[in-house]
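Trainee: Sequence and predicted model, in that order:
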Amino acid sequence: MLTLLTVTLVILAPFAVVAGLLALAAYRDRVREERRVRQIAVTEAIHREVGPVVAPVVRRRIWGRWQLLIELPPERAALGGAVLGAAQRALDAPVAPSLEIVLVPRRRLPGAPVSGGVRRWT
């Protein structure tokens, strides 16, 4: 009887491992698609209400908490309230308790003009 149980487990173990890996891949794809949909919704809402001033990044943190990262240009920090309002309206209410919105100053690339204007070489 013990031999029959052992043989059955040895035969079924590879199928169980493959089924588990397929379930894990399906979960990962579902989370990735949900992240993509949320990021598109937030980006379009901000662009519609404020204009194309920021490109928010949505990611899922550990334990299912969502994070919205928005880099604001320091010279346009006054837009923070409008950007936050547009982002909150774009995301539905059931998500709000598990959502973390982070505003950070946009880093300037070396050699980039400070004012955002055209750089003239003299």
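Mentor: Arrived safely. The structure presented is a predicted model; accordingly, all values stated were derived computationally and were not measured. Numbering: from 1, shown residues only.

Trainee: going forward, measure contacts and count neighbours with C-alpha atoms only.
Mentor: Will do.

Trainee: Helices of this protein, residue ranges please.
Mentor: 2-49, 80-90 (DSSP state H).

Trainee: Buried deepest among those, which one?
Mentor: helix 80-90 (a mean of 17; mean count of other CA atoms under 10 Å).

Trainee: Please state the offset of that helix from the chain centre?
Mentor: Relative to its chain's centre, helix 80-90 lies at 16 Å (CA atoms, centre = their mean, to the nearest Å).

Trainee: where in this structure is pLDDT low?
Mentor: Confidence mapping of the chain against pLDDT under 70 gives the ranges 92-97, 108-122.

Trainee: export the helices of the chain to TSV and tack on distance to residue 72?
Mentor: Converted to TSV, the helices of the chain look like this (distance: least, CA to CA, whole Å):
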stretch	distance to residue 72
helix 2-49	12
helix 80-90	7
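
Trainee: Just list whatever residues bridge to the closest residue to residue 57 other than its chain neighbours.
Mentor: The shortest distance from residue 57 to any non-neighbouring residue, by CA to CA, 6 or more residues apart in numbering, is to residue 69 (5.1 Å). Per DSSP bridges, residues listed as beta-bridge partners of residue 69: residue 57, residue 102.
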